[in-house]
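>>> Turn this into a model:
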Amino acid sequence: MINEFKHIQSAHCENGVTTSLFQHHGVDFMNEPLAFGIGSGLFYIHIPFMQVNGGPALSFRTMPGAIFQRTAKALNVKIKRKKFRSEEAADDYLRKIIDEGKPVGCQVGVFHLPYFPKEYRFHFNAHNLIVYGYENGEYLVSDPVMEGVNRLTAEELNKVRFAKGALAPSGHIYYPESIGEVSDELLRKAVVTGIKRNVRDMLKIPGSIAGVSGIKYTAGKVRKWRDKLGVRKAGLYLGQVVRMQEEIGTGGGGFRFIYGAFLEQAADILKNDQLIGISEDITAAGDMWRNTAVQMAGIYKGRITEQKDFDQTADMMLEIYAKEKETFTKLSKIKLK
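The predicted structure follows:
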């Protein structure tokens, strides 16, 4: 059983799955920046009581699954989500939905994905891909971050659908059940809601670890890591930050560039040129994140290891904190309708 399906490559997996599934169901205007913006995907959080792969737990995006769910809700798309206790039940249900002619989004772990380059395989269980058919004992897979489509045996697919560890997918699948007409007014309302929710997430969450405050929190930690952990372990921690920033789900710099592209589209949809300036500001923040990653990589590789190098890294993060706080404050003051 093979359903007709157009593979679309994207920078981020959940944006890509959302874009592809919506376009497949006739929402032709959907693209990666629009999905990311309506889904309020931009975020920052440093979770102090949790570690990932032995290092700090950071995220530069909202919770896995939220972008698809929020975008669907905003555009009145009825969706189905389901998890499973057994591989057999998960496989049976997947085939049933494919036989109904519906491509299906799947949450998977990347460590055992055979088509992934080895250097990108690590224990991260919130990757997303689409299964759109099967033949000769293999599933046909559209992974948005890959150039073309791939195939997985049922055993290989079950292994990544039931990967163990943090954010274990438990066979999680999701897909649109029905999509009605999306009017221009509904799209404008979805864009406004997405922007306002992102302003709230970046500026108004109480405490010190989430939104722009979280960036300041991490900067304070970076300044102390060399004395607290030693040069080698502090370097490994910064290597983990770079991985979370640049490799897992695109990362900090990449997400800022996507959000900048969204605001450009929002300016056109809402007929509001003030958003163009905000788009330029958030793109500049993306460049600052990338520069910080280069600095951190220098410490991780042992090229620069003095306390002043850690201080400089922390100072660069404080500049990003100030830039993003100023940017989202300006965005919060624009009257959108």
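
>>> From here on, just use CA atoms for contacts and neighbour counts.
OK.

>>> start to end distance for stretch 328-337?
Stretch 328-337 has an end-to-end distance of 17 Å (criterion: C-alpha to C-alpha, to the nearest Å).

>>> next one: that stretch to chain centre, how far?
23 Å (C-alpha atoms, centre = their mean, to the nearest Å).

>>> Counting neighbours, which bits of that stretch end up buried?
328, 330-332, 336 (16 or more other C-alpha atoms under 10 Å).

>>> Low-confidence bits of the stretch 101-250 of the chain, can you list those?
Of all residues in the stretch 101-250 of the chain, those with pLDDT under 70 make up the ranges 247-250.

>>> Max pairwise distance over the buried residues of stretch 328-337: which two?
328 and 336 (13.9 Å; C-alpha to C-alpha).

>>> can you confirm residue 275 is in a helix?
Yes. Residue 275 forms part of a helix when assessed by DSSP: H, G, I helix; E, B strand; the rest coil.

>>> residues touching the closest residue to it other than its chain neighbours, list them.
Spatial nearest neighbour of residue 275, excluding adjacent residues (C-alpha to C-alpha, 6 or more residues apart in numbering): residue 267 at 5.3 Å. Residues in contact with residue 267 (C-alpha atoms under 8 Å, 6 or more residues apart in numbering) are 273-276.

>>> Extract the CA atoms of the helix or strand hosting residue 267 and return them as CSV.
Using DSSP states H and E, residue 267 falls within helix 252-270. Provided in CSV are the C-alpha atoms of helix 252-270 (Å, rounded to 0.1, in the frame of the first residue of the first chain):
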residue,chain,number,x,y,z
GLY,A,252,18.7,28.3,19.1
GLY,A,253,20.2,30.1,16.2
GLY,A,254,18.2,28.2,13.6
PHE,A,255,14.9,28.7,15.4
ARG,A,256,15.5,32.4,15.6
PHE,A,257,16.0,32.6,11.8
ILE,A,258,12.8,30.6,11.2
TYR,A,259,10.9,32.9,13.6
GLY,A,260,12.3,35.9,11.7
ALA,A,261,11.0,34.4,8.5
PHE,A,262,7.6,33.9,10.2
LEU,A,263,7.4,37.5,11.2
GLU,A,264,8.1,38.6,7.6
GLN,A,265,5.1,36.6,6.5
ALA,A,266,3.0,37.8,9.4
ALA,A,267,3.7,41.4,8.3
ASP,A,268,2.2,40.6,5.0
ILE,A,269,-0.8,38.7,6.3
LEU,A,270,-1.6,41.3,8.9
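
>>> how about residue 179, what does it touch?
Counting by C-alpha under 8 Å, 6+ apart, residue 179 touches 25, 76-78.

>>> Neighbour-wise, which one of the residues you listed leads?
Greatest neighbour count in these, by other C-alpha atoms under 10 Å, goes to residue 77: 20 neighbours.

>>> quick one, helices of the stretch 51-200 of the chain?
66-74, 87-99, 154-161, 184-203 (DSSP state H, counting those that start in this stretch).

>>> JSON lines please, covering these and showing mean neighbour count.
Listed next are the helices of the stretch 51-200 of the chain as JSON lines, based on neighbours: other C-alpha atoms under 10 Å:
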{"stretch": "helix 66-74", "mean neighbour count": "21"}
{"stretch": "helix 87-99", "mean neighbour count": "16"}
{"stretch": "helix 154-161", "mean neighbour count": "20"}
{"stretch": "helix 184-203", "mean neighbour count": "19"}
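
>>> can you tell which of those is closest to residue 115?
helix 154-161 (10.7 Å).

>>> I would like the residues contacting the closest one, please.
87, 91, 106-114, 137-139, 169-172.

>>> Now, of those, which are buried?
Buried among these by 16+ other C-alpha under 10 Å: 87, 91, 106-113, 138-139, 169-172.

>>> show me where the protein has strands.
Using DSSP state E, the strands of the chain run over residues 42-52, 55-61, 77-82, 104-108, 127-135, 138-142, 150-153, 173-179.

>>> Tell me which of the ones you listed sits nearest to residue 4.
Ranking those by proximity to residue 4 (C-alpha to C-alpha) places strand 127-135 first, at 7.8 Å.

>>> Tell me what angle the closest one forms with strand 173-179.
Orientation note: strand 127-135 sits at an angle of 80 degrees relative to strand 173-179 (axes from the mean of the first three to the mean of the last three C-alpha atoms, to 10 degrees).

>>> Enumerate the positions of strand 127-135 that are buried.
Neighbour counts over strand 127-135 (16+ other C-alpha under 10 Å) mark 127-134 as buried.

>>> distance between that strand and the chain's centre?
With C-alpha atoms, centre = their mean, you get 19 Å for strand 127-135.

>>> what does it rub up against?
Residues lying outside strand 127-135 but in contact with it, judged by C-alpha under 8 Å, 6+ apart, are 1-5, 13-14, 17, 98, 102-110, 139-144, 249.

>>> are any of the contacts of residue 267 buried, and which?
For the contacts of residue 267, buried by 16+ other C-alpha under 10 Å: 275-276.

>>> With distance to residue 52 as extra columns, can I get the contacts of residue 267 in JSON lines?
Output for the contacts of residue 267, formatted as JSON lines (distance: C-alpha to C-alpha, whole Å):
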{"residue": "273", "distance to residue 52": "41"}
{"residue": "274", "distance to residue 52": "39"}
{"residue": "275", "distance to residue 52": "36"}
{"residue": "276", "distance to residue 52": "36"}
